[in-house]
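1. Let's see this in three dimensions:
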Amino acid sequence: MNLTSLKWASTAFVLTGIFIAQFNIYPLYIFIHSIGAAGWMVSGYLMNDKAVMINFGLQIPIFITGYINYFLV
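-> Got it, this is the predicted structure:
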């Protein structure tokens, strides 16, 4: 997968996750959005774009909290 495809696929996952969150479909929106955030983290690394990496990197711990809440609580 090339970088452009990765960015577009990641964008689709992020926007789909945000859309699904509006209907409170928990935990599906966390899973979908986190796939997009991980893709953007990889894209940011490949582009050497620290702003993108910080933005999506700080979302990862929030998603981990959601995973813990869903699977362990």
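2. Please report how far Gly36 lies from Tyr67.
-> In this structure, Gly36 and Tyr67 are separated by 15 Å, where distance is defined by CB to CB, to the nearest Å. Any C-beta I mention is one placed from the backbone N, CA and C, and that applies to glycine too.
3. These two - which one has more neighbours?
-> More neighbours sit around Gly36 than around the other of Gly36 and Tyr67, counting by other CB atoms under 10 Å; the figures are 21 against 13.
4. what's near enough to touch the residue lying closest to the more buried one once chain neighbours are set aside?
-> Counting by CB to CB, 6 or more residues apart in numbering, the nearest residue to Gly36 once its immediate chain neighbours are dropped is Phe13, at 3.0 Å. The neighbours of Phe13, taking CB atoms under 8 Å, 6 or more residues apart in numbering as the test, are Ile32, His33, Ile35, Gly36, Gly39.
5. list the contacts for the last one?
-> Gly39 is in contact with Leu6, Lys7, Ala9, Ser10, Phe13, counting by CB under 8 Å, 6+ apart.
6. and the residues you listed, which are buried?
-> Buried positions within those, assessed by neighbour count (16 or more other CB atoms under 10 Å), are Lys7, Ala9, Ser10, Phe13.
7. How many neighbouring residues does the closest residue to Ser34 other than its chain neighbours have?
-> Beyond its immediate neighbours in the sequence, the residue positioned closest to Ser34 (CB to CB, 6+ apart) is Phe63, lying 4.1 Å away. Here the neighbour count serves as a burial measure; for Phe63 (other CB under 10 Å) it reads 18.
8. And for Val52?
-> Using other CB under 10 Å as the criterion, the residues surrounding Val52 number 17.
9. give me phi/psi at it?
-> Backbone dihedrals for Val52, given as degrees, to the nearest 10, come out at phi -70, psi -40.
10. Could you pull up the residues touching it?
-> Contacts for Val52 were tallied using CB under 8 Å, 6+ apart; they are Trp40, Met41, Ser43, Gly44.
11. Tell me the one of those residues nearest Lys50?
-> When those are compared for distance to Lys50, the smallest value, 7.3 Å, is given by Gly44; criterion: CB to CB.
12. quick one: the closest one and Phe56 touch, right?
-> Yes - contact criterion CB atoms under 8 Å: Gly44 and Phe56 qualify, at 6.6 Å.
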